[in-house]
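**Student:** could you work out the structure for the sequence below:
(chains A and B)
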Amino acid sequence: AQTVTQSQPEMSVQEAETVTLSCTYDTSESDYYLFWYKQPPSRQMILVIRQEAYKQQNATENRFSVNFQKAAKSFSLKISDSQLGDAAMYFCAYRSPNTGNQFYFGTGTSLTVIP
Amino acid sequence: KAGVTQTPRYLIKTRGQQVTLSCSPISGHRSVSWYQQTPGQGLQFLFEYFSETQRNKGNFPGRFSGRQFSNSRSEMNVSTLELGDSALYLCASSLGTGPFEAFFGQGTRLTVV
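**Tutor:** The predicted structure is shown next:
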């Protein structure tokens, strides 16, 4: 079964600084997608960034970027110029069309942004 | 474009009762998935419906069931509620094919007493 591991239950960062959240996954599939979702106190999961496994180039969305290491099965999220609104729980997620298209989520990392 | 709407937002039920949760997906989305979120187990997949058919199912007992209507709206039903069913239930809407992302609703917080 696919597993997604987030080894950092909590992280903190100073406002305007950079922070990296870690994620590793285990799969035997070659076709899959990886995601980072953010869940603020409002509870709504919001997509932060997405990466297709067949793409070698790391995805970037404004202040958010990933470091995708396919061979190492690693998918970390870097948040640059952290803002107070970035404070939330961040979930790494995996999905593959060969395993039912369901999302497999990590246990989450709670990010605190210090003013 | 309206987002994913889940109703109700909060529910309190007694053990043994049954409950029905509703999810209206984004217009044009044919796939609706349900997830249970608890502090102990995290986010766990319940099932996915695509064009009114259950396409995939997670490892939950038969007390958890669902359905999808022709307008893609979905309902999830839990019968004979147990204390352990207390959780945030999230609905995710997507196109259902290709490298899709899922759009989530704000969830229904179910408390079983």
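**Student:** tell me who's in contact with the residue nearest in space to the middle of chain B.
**Tutor:** Geometric centre of chain B, nearest residue: residue B:34, 3.2 Å, by Cα atoms, centre = their mean. By Cβ atoms under 8 Å, 6 or more residues apart in numbering or on different chains, residue B:34 lies in contact with B:23, B:45, B:46, B:47, B:48, B:66, B:74, B:76, B:89, B:90, B:91, B:92. No exception for glycine: its C-beta is placed from N, CA and C like everyone else's.
**Student:** next one, pLDDT for it please.
**Tutor:** Turning to residue B:34, the model gives it a pLDDT of 97.
**Student:** next one: it from residue B:21, what distance?
**Tutor:** Distance of residue B:34 to residue B:21, computed by Cβ to Cβ, to the nearest Å: 8 Å.
**Student:** and residue A:96, by the same measure?
**Tutor:** From residue A:96 to residue B:21 the distance is 27 Å (Cβ to Cβ).
**Student:** distance of the residue most central in space within chain A from chain B?
**Tutor:** In chain A, the C-alpha nearest the mean C-alpha coordinate belongs to residue A:36, at 3.2 Å (Cα atoms, centre = their mean). As judged by Cβ to the nearest Cβ, to the nearest Å, residue A:36 and chain B stand 11 Å apart.
**Student:** so how far is residue A:64 from that residue?
**Tutor:** Residue A:36 is 7 Å from residue A:64, by Cβ to Cβ.
**Student:** so what sits against both of those two?
**Tutor:** A:48, A:49, A:77.
**Student:** out of these, who's nearest residue A:83?
**Tutor:** residue A:48 (13.1 Å; Cβ to Cβ).
**Student:** what is the burial count for residue 2?
**Tutor:** Picking chain A for this. 17 (other Cβ atoms under 10 Å in any protein chain shown).
**Student:** hmm, no, I was thinking of chain B.
**Tutor:** 8.
**Student:** over to the one 3 residues further on?
**Tutor:** Neighbouring residues of residue B:5 were enumerated by other Cβ under 10 Å; the total is 15.
**Student:** can you name the residues bridging to it?
**Tutor:** Per DSSP bridges, the residues bridged to residue B:5 are residue B:24.
**Student:** relative to residue A:13, how far out is it?
**Tutor:** 33 Å.
**Student:** before we move on, back to that, quick check: which element contains the residue nearest to the centre of chain B?
**Tutor:** Assigned by DSSP states H and E, residue B:34 belongs to strand B:31-38.
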